[in-house]
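[1] the sequence and its predicted three-dimensional model are supplied below.
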Amino acid sequence: MNTIVFIGTNKSGSSRDAIRAAEELGYFTVLFTDRENFFRQREEFPDVHLMIYLKKLSFSEELIREIDRLSELGNSIKGCISFIDPFVYVAARLSEYLGLAHFSTKALYRMEDKTRIRDHLVTHPTTPTYTILPFDAPLKLCIEKIKEQFPLVLKIPVSNGSKDVILAKNIEEFTEGLLFLRKKDPRSSILVEEFLNGIQYIIEVVVCNGKIKFAGVVEQKIDHKYRFIVTGYEYPATLSEETHTNLMDSVTSILKYIEFTDGSCHLEMRLVNDEWKLIEINPRISGGAMNEIIMESTGINLAKEIIKLTLGLKSFQTINEQKYVYVHYITVNSTGRLLKITGKNRASAINGVRKVYVKPRKGTILTIPLSMGDRYAYVLAASDTPEEAKRIAMKAAKEIKFYLVPL
């Protein structure tokens, strides 16, 4: 059986879309996961033909033994891939080990750690001012290093989904944020960057043989009330021709600088004083609704195209026509146990709404948004203008209500 191996997945979003795409392409799908609850919910993964549990997903003898066992059972492995941090590099290493078509392994390794990629791009013009605080640096020394630089952003280098990103506007907030992150991961250094004020954009990129095959630009709407939580996505972003050209020049320069010649990634960038600055670069397509956003707008299933690239297929679907798409994510303002959700059918019935997705089940504990995982529903709308797509999505989102029992 022609087989594609996936290292990790989420229950929904781009990573799950990729598994479905592999099945649609006629491949036997194998999922390696470190999430035991997936086995309890096995019936919810009909697109996963074989699920294998490993306590730790790393490039290890245990993983290689399982791969060898698959081959002995008659599985002809054609590709290994991951759409999940931090397993993208693991999948690339595995592909390299098996002699398969693989992405730019060294570049993926650099992207996997925020301090690693910052140091590699230290002289690049898109790099903001930053400093790296060792895990054992005394608090007094840390404060001395940054006391004249507020506002600042603190990050744990190996994390995703805005879980470990904190804005500090003064010494008190910096101290509180630093101690919080150190408690969360005592052995991790802390990346401290200047806060860059401006609209943030995601650039979804697919590269083949050093040439960009796809570059979609998405404008983000960010809620700073609790953390850096993206609540809105507008695609395609409305940029002037000159601004878009400058952005693509910056993206191309970054990819060349890190030697990224094959694979997919997404960059988060802000335009600051007419200069593009790199917020982050991640070695995969964005999660959540990103694949659906692009597919609704362009007809391109980006996850499927990335799968094709993994298999060594160089074709890429072209865009025939483009609609404006807006996605609005819904969060809650208090913590509690979910009693019920209302309004999904009313929201779905609004003209222009393409999808309403609600994640949590009854009885789940919901919290205020401290990471992207604390977004509990979204509405995806499409129209001929960006303003109308946003209006429809926001109108539909107002119909959805979460009823919580306070803890």
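    Nice, I can see it.
[2] what is the end-to-end distance of stretch 308-319?
    Its first and final residues considered, stretch 308-319 spans 17 Å by C-alpha to C-alpha, to the nearest Å.
[3] may I see the buried residues of it?
    Buried residues in stretch 308-319, counted by 16 or more other C-beta atoms under 10 Å: Lys308, Leu309, Thr310, Leu311. All C-beta atoms are positioned from the backbone trio N, CA, C, and that covers glycine.
[4] same thing with stretch 193-210?
    Buried-residue list, stretch 193-210, by 16+ other C-beta under 10 Å: Glu193, Glu194, Leu196, Gln200, Tyr201, Ile202, Ile203, Glu204, Val205, Val206, Val207, Cys208.
[5] wait, Ala91 touches Asp85, no?
    No. Here Ala91 does not reach Asp85: they are 11.4 Å apart, not a contact under C-beta atoms under 8 Å.
[6] so which of those two has more stuff around it?
    Ala91 (29 against 18; other C-beta atoms under 10 Å).
[7] roughly how far apart are the more buried one and Asn10?
    Counting by C-beta to C-beta, to the nearest Å, the separation of Ala91 from Asn10 is 15 Å.
[8] and the strands in the stretch 301-407 of the chain?
    324-330, 336-342, 353-358, 365-366, 377-383, 401-406 (DSSP state E, counting those that start in this stretch).
[9] so what does the second one touch, helix or strand wise?
    Right, strand 336-342. The contact analysis (3 or more C-beta pairs under 8 Å, 6 or more residues apart in numbering; DSSP states H and E) places strand 336-342 against strand 365-366, strand 401-406.
[10] residues making contact with the shortest one?
    If you take C-beta atoms under 8 Å, 6 or more residues apart in numbering as the criterion, strand 365-366 is touched by Val332, Thr335, Gly336, Arg337, Leu338, Pro360, Asp374, Tyr376, Phe402, Leu404, Leu407.
[11] show me the contacts for the residue nearest to Lys355 when sequence neighbours are not counted.
    Leaving aside its chain neighbours, Lys355 sits nearest to Leu380 (4.3 Å; criterion: C-beta to C-beta, 6 or more residues apart in numbering). Counting by C-beta under 8 Å, 6+ apart, Leu380 makes contact with 289, 292-293, 296, 325-327, 353-357, 393.
[12] got these as CSV, with neighbour count columns?
    Formatted as CSV, the contacts of Leu380 follow (neighbours: other C-beta atoms under 10 Å):
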residue, neighbour count
Ala289, 24
Glu292, 23
Ile293, 29
Glu296, 20
Val325, 27
Tyr326, 26
Val327, 30
Val353, 20
Arg354, 19
Lys355, 16
Val356, 24
Tyr357, 18
Ala393, 29
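[13] closest one to Glu72 out of those residues, please.
    Glu292 (37.6 Å; C-beta to C-beta).
[14] any idea whether the spatially most central residue of the chain is helix, strand or coil?
    Geometric centre of the chain, nearest residue: Ser286, 3.3 Å, by C-alpha atoms, centre = their mean. Put simply, Ser286 is coil when judged by DSSP: H, G, I helix; E, B strand; the rest coil.
[15] how far away is it from Trp276?
    Distance, Ser286 to Trp276, using C-beta to C-beta: 18 Å.
[16] and Val205, by the same measure?
    From Val205 to Trp276 the distance is 14 Å (C-beta to C-beta).
[17] sorry, back to before: make JSON lines out of the strands of the stretch 301-407 of the chain and add distance to His124 and mean pLDDT.
    Formatted as JSON lines, these follow (distance: least, C-beta to C-beta, whole Å; pLDDT from 0 to 100):
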{"stretch": "strand 324-330", "distance to His124": "31", "mean pLDDT": "97"}
{"stretch": "strand 336-342", "distance to His124": "45", "mean pLDDT": "96"}
{"stretch": "strand 353-358", "distance to His124": "37", "mean pLDDT": "97"}
{"stretch": "strand 365-366", "distance to His124": "40", "mean pLDDT": "96"}
{"stretch": "strand 377-383", "distance to His124": "34", "mean pLDDT": "97"}
{"stretch": "strand 401-406", "distance to His124": "43", "mean pLDDT": "96"}
